[in-house]
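Peer 1: have a look at this prediction, sequence included:
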Amino acid sequence: MIGELGYQQSRNGRKAVPPTFADVIQSKYLLLTTFTKDGRPKPTPIWGVPDGDTLLVITDDGSWKTKRINNTPRVTLAKSAALGKPKSEAVEGVARVLPKSETRRVYNAVLRRYWYHAWWFYAHSIVRGGIDKVHVGLEIKPAG
């Protein structure tokens, strides 16, 4: 049986198998938590695309999450609803901001996965100055 947080529960209601990083990154919607220099968590709902054992994410260049990742690469990921309500336990990960040369590849992967939002996402990027100018890719790998 799948419990409220998305992982299996035994018949007696005890939590059995926590999710793995590979399980979590398959979710259509994710809750990414980055951490400030002093360790405070900052959760953000995101879209992500599994790429082997990593997760690719597109975000605004210069966003607070990119600044926090550059300072502290430790992150957590959880399955979530579209607006960020957690649906699983969080798993640990390590994130990095990808070079600008990777932005277009990550952006296109996100557009392919979320094609039903693509027209809005693409138009929004163009109005703001172009894909390569306003976005940057993130790569998140399992911790350890």
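Peer 2: Received it, and whenever you're ready, just let me know what you need. Numbers count the residues shown, from 1 in each chain.

Peer 1: for the chain, which residues score under the pLDDT cut-off?
Peer 2: Low-confidence segments of the chain (pLDDT under 70): 1-16, 117-133.

Peer 1: spell out, range by range, the helices that occur in it.
Peer 2: With DSSP state H as the criterion, the chain has helices at 21-24, 64-71, 103-113, 118-127, 131-134.

Peer 1: L55 contacts G48, correct?
Peer 2: Yes: judged on Cβ atoms under 8 Å, L55 makes contact with G48 at a distance of 4.5 Å. In short, each C-beta sits where N, CA and C put it, glycine included.

Peer 1: need the overlap of contacts for these two.
Peer 2: 25, 30, 77, 140 (Cβ atoms under 8 Å, 6 or more residues apart in numbering).

Peer 1: farthest-apart pair in these, please.
Peer 2: Taking Cβ to Cβ, the two most distant members of these are L30 and I140; they sit 9.3 Å apart.

Peer 1: between these two, what contacts are shared?
Peer 2: Shared contacts of L30 and I140, defined by Cβ under 8 Å, 6+ apart, comprise 48, 55, 77.

Peer 1: of those residues, keep whichever come out buried.
Peer 2: With burial judged by 16 or more other Cβ atoms under 10 Å, the buried subset of the shared contacts of L30 and I140 is 48, 55, 77.

Peer 1: what is the burial count for A81?
Peer 2: By the criterion of other Cβ atoms under 10 Å, A81 has 13 neighbours.

Peer 1: and for the one 5 residues further on?
Peer 2: Residue neighbour count, defined by other Cβ under 10 Å, stands at 18 for P86.
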